[in-house]
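**Q** Generate a structure from the sequence data that follows.
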Amino acid sequence: MNLKALARRLTLYEKLLRLDKPIGTLLLLWPTLWGLLIAGRGRPSLVVVWIFCLGTLLMRSAGVAINDYADRNYDGQVKRTRDRPLATGEVSVKEAMIIAIVLLVLSFLLILPLNRLVWLLAVPAVFLAGSYPFVKRFAVPQAYLGVAFGFGIPMAFAAIQNAVPLVCWVLLAANVFWAIAYDTEYAMVDRDDDIKLGIRTSAISLGRFDVAGVMICYALMLAILVWIGWSLRYGLFYFAGLAVAAIIMLYHYTLIRGRNREDCFKAFLHNNWVGATITAGIVADFHLSLPGVFK
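**A** Purely as a prediction, here's the structure:
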């Protein structure tokens, strides 16, 4: 294989793994960082943070390869996905599965320096990531996605505290509501195609209440995060981060209320700023709040 052909192959693999579209990795990373920061009281080990950041990229990449395998007979019929390498046949099923397996093995090797509890939690994490693409034919798969995308939270607590306390499961619940919200926005983009294909997304299940459903899920997510902040006695910066996130969510309402495809997709992508703002609030609260003044 000459260099030009190799470069072409690598470009196809990049497209298969969505390395050119980092939004999925970011939406997976933000809740994981919440878990690391809260478990580590704002100062998690940099080595552990690095392991989780790289692991997030590897797991997301493996997940999308499995996703495209599951959807290989459908993606060609959907406008947004018809050019994916598996749908076009430019990457074979065998290639995609080999790549997914290699990435999963690398992800496991990455956590070997961590404790046994993390290893044990890696089993359901892999199962969730691998099985999500196959539950899309059922109602509200976005809830399943929320668990899969948020399972880095209990693993983060396990890595730092060698325990999975109640707060980590409550934080996971917040992420489930967030995932339902942003993935419903994503599903609103493909609603017409999904109806034809018989895919039961939340955008279809909610019907004309799709916009209300998104906003209710945003509200529930924020309510849970407020409860966490109150119970852990966080200060001004934490709640300021939530307030800014709430403003961003209201902006999303202005985008999705017309149910325009492009605007719904824009709202989905914009959720990166929701995650970033909440993360910034947590970091600032641990490092900038003044004892006795803000707490």
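**Q** Show me where the stretch 51-200 of the chain dips below the pLDDT cut-off.
**A** Filtered on pLDDT under 70, the stretch 51-200 of the chain yields the residue ranges 76, 136-140, 192-200.
**Q** Quick one: the strands in it, in order.
**A** Assigned by DSSP state E, counting those that start in this stretch, the stretch 51-200 of the chain shows no strands.
**Q** show me where this structure has helices.
**A** 3-16, 23-39, 46-70, 85-88, 93-110, 116-131, 141-150, 152-161, 166-189, 191-197, 202-206, 210-231, 236-256, 261-288 (DSSP state H).
**Q** Pull the number of nearby residues for Ala148.
**A** Ala148: 27 surrounding residues under other CB atoms under 10 Å. Where you see a C-beta, it was placed from the backbone N, CA and C, and this is true even at glycine.
**Q** Now do the same contact list for it.
**A** Counting by CB atoms under 8 Å, 6 or more residues apart in numbering, Ala148 makes contact with Gly63, Ala125, Leu128, Ala129, Tyr132.
**Q** Wait, Thr201 touches Ala187, no?
**A** Yes: under the criterion of CB atoms under 8 Å, Thr201 makes contact with Ala187 at 3.8 Å.
**Q** what about Glu14, distance to Asp75?
**A** The gap separating Glu14 from Asp75 is 17 Å, by CB to CB, to the nearest Å.
**Q** more neighbours, the two?
**A** Ranked by neighbour count (other CB under 10 Å), Glu14 and Asp75 place Asp75 first, with 21 against 14.
**Q** which residues sit in contact with Leu250?
**A** Counting by CB under 8 Å, 6+ apart, Leu250 has no contacts.
**Q** show me what contacts Leu103?
**A** Leu58, Met59, Ser61, Ala62, Ala65.
**Q** With adjacent residues omitted, what lies nearest to it?
**A** Ala62 (3.8 Å; CB to CB, 6 or more residues apart in numbering).
**Q** go on, Arg259?
**A** In space, Arg259 is closest to Met188, 6.2 Å off (CB to CB, 6+ apart).
**Q** Just confirm that neighbour contacts Arg257, I think it does.
**A** No: using CB under 8 Å, Met188 is not in contact with Arg257, being 10.8 Å away.
**Q** Kindly reformat the helices of the chain as TSV containing distance to Lys79.
**A** Formatted as TSV, the helices of the chain follow (distance: least, CB to CB, whole Å):
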stretch	distance to Lys79
helix 3-16	17
helix 23-39	18
helix 46-70	16
helix 85-88	12
helix 93-110	22
helix 116-131	26
helix 141-150	20
helix 152-161	32
helix 166-189	9
helix 191-197	7
helix 202-206	15
helix 210-231	19
helix 236-256	19
helix 261-288	9
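**Q** still on that earlier bit, so for Met188 and Arg257, which residue has more residues nearby?
**A** Met188 (26 against 15).
**Q** Nothing else from me, thank you.
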